[in-house]
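Trainee: sharing a model that was predicted from the sequence below.
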Amino acid sequence: MVKASKTKNSIPINRPMLGDEEIQAVTEVMKSGIISNKSGSGPHVLKFEKAFAQFIGVKYALAFNNGTSALHASLLAADVGPGDEVIVPSFTFVSTAEAVVLIGAKPVFVDINPKTYCLDPDAFKRGITRHTKAVIPVHLYGLPADMNSIIEIAEKNDIEVIEDAAQAHGAEYHGKKAGSLGDMACFSFYASKNMTTGEGGMVTSDDRKFIEKLHLIRVHGERKEYRSVTVGHNYRLPEIEGAIGYIQLSKLPKFLEKRRRNAKLLTEKLDAVKQLELPFEYSGSKHAWYVYTARLKGANSGKRNKLVKTLNRHRIGATVYYPIPIHKMPYYRENFGNFQLSITEKASRQVFSLPVHPGVKDEEIDYIAKTITRTINK
């Protein structure tokens with residue numbers, strides 16, 4: 001029988017790491033009286049945008065009120081609309097495809113690489129039609145997709161590349177940051193992410209043409225006050241979130257260092273469990289370790305779910321990302337047809353994710369590993 005953890009508290013899958021610096025930053029915004037800005041570019045948001053662009057290594061970064069808004073706005077900026085198709089993985093959070101549907105385009109689901117869980121370039125190539133306008137590779141769990149191959153295919157077919165980097169803050173691909181590789185990239189700052197503003201998002205790009213469009217889209221299409229020149233939305237990031245984001249970004253390298261260390265420790269302790277396929281970094285990549293995702297080899301969803309429930313009973317916040325691929329969800333199946341994605345469907349039955357966030361202590365990593373090992377070996 002597995003002994004319960006010495007701590008009375010659970011180990012959540014992720015936890016926002018907020019301190020006195022963020023509280024002070026919020027207080028300063030409240031005292032200033034400037035808590036929002038009609039253009040979406042108040043002083044704290046501008047400061048955050050500039051710092052984020054520098055961190056990613058791009059010319060421009062534009063803040064949005066959440067990651068889904070960032071995706072939606074990016075597709076609009078790329079002139080994607082009704083009659084167009086956008087190639088997306090099905091093994092991701094629903095917002096990746098949701099943003100495509102919201103602009104009236106069709107999501108075309110393709111399969112993933114069975115080792116990285118990211119969009120497979122060959123599957124992307126097979127999914128292209130004369131209607132394909134864009135592709136959204138997702139850097140799932142914090143590991144970059146095979147961007148060189150994806151970009152090469154996209155360029156040959158005049159397809160826009162929009163990175164979904166919602167889980168990949170600080171991830172790297174051949175020495176470049178995720179978010180600096182495609183035509184545009186979208187980040188989320190939801191509470192569970194590697195850095196947070198509570199809610200929030202960002203679009204990064206080196207292309208001024210896209211950024212100018214995004215500026216308009218973010219504020220109702222207004223070039224000047226009450227003079228709308230195109231359709232837009234209210235996608236502004238408030239000043240409080242901008243202030244929190246700037247502080248969180250300064251802490252991100254330390255957060256990533258601790259996530260990397262925790263992932264390394266967990267791999268060392270689980271390496272002998274032959275029933276598990278553990279996450280890894282392929283040559284040229286640097287994982288951001290949003291979550292630590294393992295695969296229970298040869299399992300069906302019932303066996304995997306039983307393991308996750310056992311871990312949860314022992315106060316370990318194991319979670320399944322994602323138990324139902326998007327193409328299997330009723331709305332998408334009924335409106336966009338049946339897709340046969342065997343690799344995606346197999347992964348959805350076998351993977352489970354574990355916490356490696358900066359709040360996880362060494363003794364908790366040890367407890368997680370021992371609990372998994374004993375449970376599987378029963």
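Mentor: Sure, I can see it.
Trainee: average pLDDT for the helix or strand containing Lys370?
Mentor: In this assignment (DSSP states H and E), Lys370 forms part of helix 362-376. In this model, helix 362-376 has an average pLDDT of 98.
Trainee: centre of the chain to it, how far?
Mentor: On the basis of CA atoms, centre = their mean, to the nearest Å, helix 362-376 sits 26 Å off its chain's mean C-alpha point.
Trainee: kindly report the same for stretch 345-361.
Mentor: For stretch 345-361, the distance to the chain centre is 14 Å (CA atoms, centre = their mean).
Trainee: what's the answer for stretch 143-154, then?
Mentor: 16 Å.
Trainee: again with stretch 289-302
Mentor: Distance, centroid of stretch 289-302 to centroid of chain: 18 Å (CA atoms, centre = their mean).
Trainee: over to stretch 371-378?
Mentor: 30 Å.
Trainee: can you list contacts of that stretch?
Mentor: 2, 269-270, 272-273, 275-276, 296, 307, 310-311, 314, 316, 354 (CB atoms under 8 Å, 6 or more residues apart in numbering). The C-beta positions use only the backbone N, C-alpha and C, and glycine is treated the same way.
Trainee: give me the buried subset of those.
Mentor: Neighbour-count burial (16 or more other CB atoms under 10 Å) applied to the contacts of stretch 371-378 gives 2, 269-270, 273, 275-276, 296, 307, 310-311, 314, 316, 354.
Trainee: can you tell me which of these is nearest Phe255?
Mentor: For the buried ones among the contacts of stretch 371-378, the residue nearest Phe255 by CB to CB is Leu354; the value is 17.0 Å.
Trainee: quick one, grab the pLDDT at that closest one.
Mentor: So Leu354 comes in at 98 (pLDDT).
Trainee: and the closest residue to it other than its chain neighbours, how many neighbours?
Mentor: Excluding the flanking residues, the one nearest Leu354 by CB to CB, 6 or more residues apart in numbering is Tyr292, at 4.5 Å. Neighbourhood size, Tyr292 [other CB atoms under 10 Å]: 27.
Trainee: got it, and Gly359?
Mentor: Quick note: Gly359 (other CB under 10 Å) scores 16 neighbours.
Trainee: what about it, which SS state?
Mentor: Under DSSP: H, G, I helix; E, B strand; the rest coil, the three-state class of Gly359 is coil.
Trainee: pretty sure it contacts Arg15?
Mentor: Yes. Contact criterion CB atoms under 8 Å: Gly359 and Arg15 qualify, at 4.9 Å.
Trainee: run through the strands of the stretch 201-350 of the chain in chain order.
Mentor: Per DSSP state E, counting those that start in this stretch, the stretch 201-350 of the chain carries strands over the ranges 201-205, 222-224, 227-228, 276-277, 285-286, 292-296.
Trainee: any chance of these in CSV, plus distance to His169 and mean pLDDT?
Mentor: Below are the strands of the stretch 201-350 of the chain laid out as CSV (distance: least, CB to CB, whole Å; pLDDT from 0 to 100):
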stretch, distance to His169, mean pLDDT
strand 201-205, 9, 98
strand 222-224, 30, 89
strand 227-228, 33, 90
strand 276-277, 25, 98
strand 285-286, 12, 98
strand 292-296, 16, 98
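Trainee: ok, the residue nearest to Leu354 to Thr116 distance?
Mentor: Going from Tyr292 to Thr116 by CB to CB, to the nearest Å gives 14 Å.
Trainee: before we move on, back to that, and the strands of the stretch 201-350 of the chain, which is most packed in?
Mentor: strand 201-205 (a mean of 29; mean count of other CB atoms under 10 Å).
Trainee: packing partners of that strand?
Mentor: The contact analysis (3 or more CB pairs under 8 Å, 6 or more residues apart in numbering; DSSP states H and E) places strand 201-205 against helix 43-56, strand 60-64, helix 67-77, strand 184-188, helix 208-218.
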